[in-house]
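Peer 1: Sequence below, structure please.
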Amino acid sequence: MNFKKALICNIEKLVGELKDETELKEILKRKFTKKEYKVFVASEEGQDFEQICELIDEKIDRVEELYKSAIKKINQEKIKKELVDL
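Peer 2: The predicted structure follows:
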């Protein structure tokens with residue numbers, strides 16, 4: 001999975017250059033809940049929400065909610081600062 005590409009597509013206002021892949025992965029694992037992380041990664045790998053429902057054993061409404069929550073977290077200034085190399 002290419003975390004840089006996924007984050008660039010989802011961050012609204014990006015200032016600076018993102019860190020390398022391994023650091024991004026560690027930051028996202030630390031900031032997301034386990035299910036948010038699984039939903040974000042699966043969604044960015046191209047799986048649709050029905051497949052993700054089966055993967056994490058949740059209803060589709062809950063999966064959509066988890067994805068929206070993950071995107072909101074990515075766009076928080078505090079987390080964006082951690083993701084960016086200054």
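
Peer 1: can we go C-alpha only for contacts and neighbour counts from here?
Peer 2: Fine.

Peer 1: quick one: low-confidence ranges for the protein?
Peer 2: In the prediction, the chain carries no residues with pLDDT under 70.

Peer 1: what about the strands in it?
Peer 2: Remark: strands assigned in the chain by DSSP state E are 17-18, 84-85.

Peer 1: Can you say which of the ones you listed is packed in most?
Peer 2: Highest mean neighbour count of the strands of the chain: strand 17-18, a mean of 16 (counted as mean count of other CA atoms under 10 Å).

Peer 1: list the contacts for the residue nearest in space to the middle of the chain?
Peer 2: Using CA atoms, centre = their mean, the residue of the chain that lies closest to the mean C-alpha position is Phe40, 4.4 Å off. Residues in contact with Phe40 (CA atoms under 8 Å, 6 or more residues apart in numbering) are Tyr67, Ala70.

Peer 1: From the chain's centre, how far out is stretch 13-25? Work that out for me.
Peer 2: Counting by CA atoms, centre = their mean, to the nearest Å, stretch 13-25 is centred 12 Å from the centre of its parent chain.

Peer 1: So for it, what gets flagged as buried?
Peer 2: Residues of stretch 13-25 classed as buried: Leu14, Leu18, Lys19, Leu24, Lys25 (neighbour count, 16 or more other CA atoms under 10 Å).

Peer 1: which one of the residues you listed is nearest Glu58?
Peer 2: Proximity to Glu58 was ranked across the buried residues of stretch 13-25 by CA to CA; first place goes to Lys25, at 23.5 Å.
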